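**Student:** sharing a model that was predicted from the sequence below.
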Amino acid sequence: MVDYKADLNQRYWKYQKSQFSNGQRFFERPDAQDGRPPVFITSESWRNIIINPTASQQEIDRLLALVPEGKRHKWFRSMNSSQALAQSILGNLIIHDSLHYLSEIKDDDGLDLFGKARISSVNFAMEYKVNYLGEPRSTSLDSYISGDYRIAIECKFTEAEVGTCSRPRLTPNDSNYENEHCNGTYSIQRTRKERCSLTEIGVLYWRYVPSLFKWKNDSDLNPCPLNKNYQLVRNILAVGVKPDGTVSLNDGHVVLIYDERNPAFQYGGDGLIAYMETQKALQEQTMLRKCSWQRIVQHIRKKGILSWLTQNLTLKYGL
């Protein structure tokens, strides 16, 4: 992981110098190549998205509107941001009416990456909120394809994992520690009546988990299967459970997009382990599929579209 990030950082700094030669004012610590990637200042964070050099202001506004400032992740300003990468690739495909080309791509197992979903700029959204799982803070899907067949897209880049449950990570300094801290097992703890501290506060994950996965909700589990696989499970629930509370194994799936150079998604890596555990536990295993950014970018090149985008993806990310 150290070498992987070091190689990326080296590429980022070269990109910064070649693309922003007169734009030092855009960055925090613009010359600080001390093991960190370039980070844009808040007012210039939009520059972390790759934009067509000849784009009209209307095109730029459409691209930026896909992820408004209020929905940007904490680390969006860093060149390591998976959200900025996703907006650069998926967002540009949307505004240039080229998203449908992704329907031709196969996943890592040879299945159609997007199955029978109809892909267009009309039914595609980024940072889509799911508000029917009883969460205090609604699940936000990196990207989402709506319709009769729904797809949630989880976008990863340099992350060391797919996203774990926050409750085992609570510390005594957190205000909800006493009531909600979990030891990583699915069992009644502290003064709670429910095996999951999230269930205790009204979150509905475990109401639906047995319908979509082989995990039962009426007995202790050690470790809790949602602990390390949390983000993927949330995505599965978002497409497997409908707003009216009905559950379907055949009306949607989740796509995990990752960087094939990232050790976390290679053999033995935490990201790949979480993916395999989650997929194996599914009642319908095709509800979870994965594909690398490399495969997607290669397909865009093959189709001969958005050459300015693929050129900059090479310069900035080595994709």
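**Tutor:** All right, it came through fine.

**Student:** so who does the residue nearest to residue 269 when sequence neighbours are not counted touch?
**Tutor:** Here the nearest residue to residue 269 in space, its sequence neighbours aside, is residue 263; by C-beta to C-beta, 6 or more residues apart in numbering that works out to 5.2 Å. The C-beta positions use only the backbone N, C-alpha and C, and glycine is treated the same way. With C-beta atoms under 8 Å, 6 or more residues apart in numbering as the criterion, the residues that contact residue 263 are 1, 4, 269.

**Student:** just the residues you listed now: which is nearest residue 105?
**Tutor:** residue 269 (22.6 Å; C-beta to C-beta).

**Student:** hmm, back to that, now list the buried members of the contacts of residue 263.
**Tutor:** Among these, the ones that count as buried by 16 or more other C-beta atoms under 10 Å are residue 269.

**Student:** possible to save the contacts of residue 263 as a markdown table with distance to residue 38, pLDDT and secondary structure?
**Tutor:** As requested, those are exported to a markdown table (distance: C-beta to C-beta, whole Å; pLDDT from 0 to 100; DSSP: H, G, I helix; E, B strand; the rest coil):
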| residue | distance to residue 38 | pLDDT | secondary structure |
| --- | --- | --- | --- |
| 1 | 19 | 74 | coil |
| 4 | 17 | 96 | helix |
| 269 | 26 | 97 | coil |
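
**Student:** quick check, nearest of the contacts of residue 263 to residue 158?
**Tutor:** The shortest gap between residue 158 and any of these belongs to residue 4, at 7.5 Å (C-beta to C-beta).

**Student:** does the closest one touch residue 266 like I think?
**Tutor:** No - shown here, residue 4 and residue 266 do not form a contact pair, counting by C-beta atoms under 8 Å, at 9.7 Å.

**Student:** need the strands for the chain, in chain order.
**Tutor:** For the chain, the strands defined by DSSP state E occupy 27-28, 39-40, 124-130, 139-145, 150-155, 252-258, 288-292.

**Student:** in a markdown table: those, plus mean neighbour count, distance to residue 17 and mean pLDDT.
**Tutor:** As requested, these are arranged in a markdown table below (neighbours: other C-beta atoms under 10 Å; distance: least, C-beta to C-beta, whole Å; pLDDT from 0 to 100):
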| stretch | mean neighbour count | distance to residue 17 | mean pLDDT |
| --- | --- | --- | --- |
| strand 27-28 | 16 | 11 | 92 |
| strand 39-40 | 22 | 15 | 96 |
| strand 124-130 | 19 | 30 | 96 |
| strand 139-145 | 22 | 30 | 93 |
| strand 150-155 | 23 | 27 | 98 |
| strand 252-258 | 26 | 28 | 98 |
| strand 288-292 | 22 | 28 | 98 |
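
**Student:** TSV please, covering those and showing distance to residue 92.
**Tutor:** Formatted as TSV, the entries for these read as follows, by distance: least, C-beta to C-beta, whole Å:
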stretch	distance to residue 92
strand 27-28	23
strand 39-40	19
strand 124-130	12
strand 139-145	13
strand 150-155	14
strand 252-258	15
strand 288-292	18
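
**Student:** what's the closest of those to residue 52?
**Tutor:** Put simply, out of the strands of the chain the one that sits nearest residue 52 is strand 124-130, at 17.8 Å, with distance taken as C-beta to C-beta.

**Student:** partners of that closest one in the sheet?
**Tutor:** Strands adjacent to strand 124-130 in the sheet, as given by DSSP bridges, are strand 139-145 (antiparallel).

**Student:** contact partners of the partner strand?
**Tutor:** In this structure, residues lying in contact with strand 139-145 by C-beta under 8 Å, 6+ apart are 71, 82-83, 86, 90, 114, 117-119, 123-130, 133, 150-155, 234-235, 237-238.

**Student:** read off the pLDDT value for the residue nearest to residue 269.
**Tutor:** Confidence at residue 263, expressed as pLDDT, is 97.

**Student:** any idea how far it lies from residue 190?
**Tutor:** Applying C-beta to C-beta, to the nearest Å, the value for residue 263 to residue 190 is 36 Å.

**Student:** for residue 6, same thing?
**Tutor:** Relative to residue 190, residue 6 is positioned 43 Å away (C-beta to C-beta).

**Student:** likewise residue 94?
**Tutor:** Relative to residue 190, residue 94 is positioned 46 Å away (criterion: C-beta to C-beta).

**Student:** so these two - more neighbours on which side?
**Tutor:** Residue environment comparison for residue 94 versus residue 190 gives the larger neighbour count to residue 94, 22 against 12, counting by other C-beta atoms under 10 Å.

**Student:** which residues sit in contact with that one?
**Tutor:** Residue 94 is in contact with 66, 121, 124, counting by C-beta under 8 Å, 6+ apart.

**Student:** between those residues, which sits nearest residue 178?
**Tutor:** Nearest member of the contacts of residue 94 to residue 178, counting by C-beta to C-beta, is residue 66, at 39.9 Å.
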